[in-house]
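Chemist: okay, sequence plus prediction incoming.
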Amino acid sequence: MASLLTLLGVTGDEKQRLVDLARYAAEPNWLVVGMPGIPQQLAGAIESERSASSLVEWSPHLVPGLLQTAEYARALANAIDLPQPEVDARVMLRVGRSEVITRRDPVTMLAFVGEEAVHERIGSPGVMVEQLRHLVILNARSNVTIRLVPSRVGWHPGLLGPFVLYDFPEASPVVHFEHYSSGAFVLDGDDVRAYRHAVEVMREVARTPEESTDLLVTIADELERATA
């Protein structure tokens, strides 16, 4: 690879990057390579979403990204005082990422969402009503399951923080954490198994999909009446 790149006139950092890719071709380095104009962690998350056959996400305080409406995503971006062009870019990227659950061969998604997330006012009441009704629609899809997790059900692994568990058709599973300005991928088999066990524990404390849909409709109706 190094010789071929030399013949092609590729030098410097770009040559080293490609040589490293070739050297570690058998490893999941696509998680950290990055994409043009996109940070490495975000690029890894996007590629995980695209490549996964299924994923499980636990989001205690916000609606998970793949389930967000454009206006909900915009309200989040506006809340951190970003320049308008960057807000628009983030919203477009967020909406584009959600295609993985609506495409012809969609990823199967199980979303555990904290009830705090659906009570929290993000944006205007209208934005929240639209978001809640969007979750109801998504929960009716055959490839999406949304289960709300009550706030006071005792200890469960989700209290330790949000995470996403990705399963792939031809690669080992990966766990991803995303926080305020950084994230991390976990590939160790023992750690991944621990998170898989955490998912099973959370199934026991979460509301059923049907109960979750009923609660989402109730909250949306109450919010709509209160602001009419």
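Modeler: In hand now; what should we look at?

Chemist: in stretch 111-122, what counts as buried?
Modeler: 111-115, 117-118, 122 (16 or more other CB atoms under 10 Å). C-betas here are computed from N, CA, C, even on glycine.

Chemist: of the residues you listed, which pair is most distant in space?
Modeler: Spanning the widest gap among those are Phe112 and Ile122, at 18.4 Å by CB to CB.

Chemist: do you know how far the nearest residue to Ala2 once chain neighbours are set aside is from Thr6?
Modeler: Excluding its sequence neighbours, the residue lying closest to Ala2 (CB to CB, 6 or more residues apart in numbering) is Val19, at 5.4 Å. Distance of Val19 to Thr6, given as CB to CB, to the nearest Å: 10 Å.

Chemist: likewise for Leu76?
Modeler: For Leu76, the distance to Thr6 equals 46 Å [CB to CB].

Chemist: between Val19 and Thr6, which one's more packed in?
Modeler: Per other CB atoms under 10 Å, whichever of Val19 and Thr6 has more neighbours is Val19, with 14 against 11.

Chemist: who's in contact with the spatially most central residue of the chain?
Modeler: For the chain, the residue nearest the mean C-alpha position is Gly65 (4.9 Å; CA atoms, centre = their mean). By CB atoms under 8 Å, 6 or more residues apart in numbering, the contact list for Gly65 reads 73, 94, 97-98.

Chemist: same check, this time on Arg207
Modeler: Contact partners of Arg207, counting by CB under 8 Å, 6+ apart, are 147-150, 215.
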